[in-house]
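Trainee: Fold the stuff below for me.
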Amino acid sequence: MSDQADAIQQLSFEAALKRLEEIVRKLESGEASLDESIDLYSEGDRLKQQCEARLQAAQARIERIQFGRDGSPSGTAPFDAG
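Mentor: Numbers count the residues shown, from 1 in each chain. Okay, here's the model as predicted:
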């Protein structure tokens, strides 16, 4: 794995998202050269994948509380976003 990929993997979700937003702003502004734009796009793609993986991991840990017939909590079940 490259040093840049390792560095991206070490970022918190918030830091990765902030860097991704910076990349998008720079690409949208047109101030980057073609070569720099390609490098930024590649970095942005890796950051996007990292953010998606962290969100999926967080969602997998979320549980919803189940309630019994009397209305009191009776346990938990996996979260279903659908």
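Trainee: Now do the contacts for the spatially closest residue to Ala5 that is not a sequence neighbour.
Mentor: Closest residue to Ala5 apart from its sequence neighbours, by C-beta to C-beta, 6 or more residues apart in numbering: Arg46 at 6.3 Å. Backbone N, C-alpha and C define where each C-beta goes, glycine included. Applying C-beta atoms under 8 Å, 6 or more residues apart in numbering to Arg46 gives the contacts 4-5, 8.
Trainee: May I have the secondary structure class of Arg46?
Mentor: helix (DSSP: H, G, I helix; E, B strand; the rest coil).
Trainee: Give me the number of neighbouring residues for Ala16.
Mentor: Counted with other C-beta atoms under 10 Å, the neighbours of Ala16 add up to 20.
Trainee: That one contacts Ile8, doesn't it?
Mentor: Yes - using C-beta atoms under 8 Å, Ala16 is in contact with Ile8, at 6.7 Å.
Trainee: shared neighbours of those two, anything?
Mentor: 47, 50.
Trainee: Mind jotting down where the helices sit in the chain?
Mentor: Ranges of helices within the chain are 3-10, 13-29, 34-61, based on DSSP state H.
Trainee: Next, Gly30: phi, psi?
Mentor: Here is the backbone geometry of Gly30 (degrees, to the nearest 10): phi 80, psi 10.
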